[in-house]
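**Student:** sequence-free structure coming up:
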């Protein structure tokens, strides 16, 4: 499929051919859900922790005599049934990551790109270059109507462009290898440079 290419000033800069096997698929919500869940679980810290009865700070002395009180038999006050006692079977530090086949991860990225094309939220630009001034780039972004946008460049992001984009709210820049399903789907507009298109097609073949 053909898509128009524009410059950051809004002028046309020809067109580009997008591969149907990457940008022309019928998006599947189940695949996108699996990949996003895999990404978010992998990123989860898993540092939640509670104290067990061996870790709480309380006397280990038997709280009252074994017989003759008419009450239940208890040892120390660290038991889970007491206030400030240890927690029984509470969370401990662990990894929430799980495996996902590489083919599914690749397919998920293809479907995310296709979803943006189908929704009319994909823009191809000639190149992501700037003089390093945030104000100038912010004006161009505002004129183009990008509010929450992700820009994907080629193998490397232009250093001046990254510097200019760094302080613009709602604008993120990634190299082609950093392109991922979660970041693509959570933005309103996906912007890819011509170099980025070539790099993504080479990566996903």
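**Tutor:** Perfect, I can see it now. Bear in mind the structure is a predicted one, so any value in this text is a computation, not a measurement.
**Student:** Would you mark the buried spots in the host helix or strand of residue 36?
**Tutor:** If you go by DSSP states H and E, residue 36 is part of helix 29-43. Using 16 or more other Cβ atoms under 10 Å as the test for burial, helix 29-43 gives 31, 32, 34, 35, 36, 38, 39. All C-beta spots, glycine's among them, are computed from the backbone N, C-alpha and C.
**Student:** just stretch 41-54 next, same as before
**Tutor:** Buried, per 16+ other Cβ under 10 Å, within stretch 41-54: 52, 53.
**Student:** quick check, distance from it to the centre of its chain.
**Tutor:** 21 Å (Cα atoms, centre = their mean, to the nearest Å).
**Student:** would you list every one of the strands in this structure?
**Tutor:** 2-6, 12-17, 122-125, 149-152, 171-174, 189-193 (DSSP state E).
**Student:** all helices of this structure, in order?
**Tutor:** In the chain, the helices defined using DSSP state H lie at 20-23, 29-43, 102-118, 134-144, 159-165, 181-185, 194-204.
**Student:** Run a quick neighbour tally on residue 187.
**Tutor:** 20 (other Cβ atoms under 10 Å).
**Student:** ditto for the one 4 residues further on
**Tutor:** When neighbours are counted by other Cβ under 10 Å, residue 191 registers 26.
**Student:** for the one 5 residues further on, same thing?
**Tutor:** Burial of residue 196 is recorded as 24 neighbouring residues (other Cβ under 10 Å).
**Student:** The least confident helix or strand in the chain by mean pLDDT pairs with which strands, parallel or anti?
**Tutor:** Scoring the helices and strands of the chain by mean pLDDT, DSSP states H and E places strand 12-17 at the bottom, with a mean of 88. Next to strand 12-17 in the sheet, as set by DSSP bridges, lie strand 2-6 (antiparallel).
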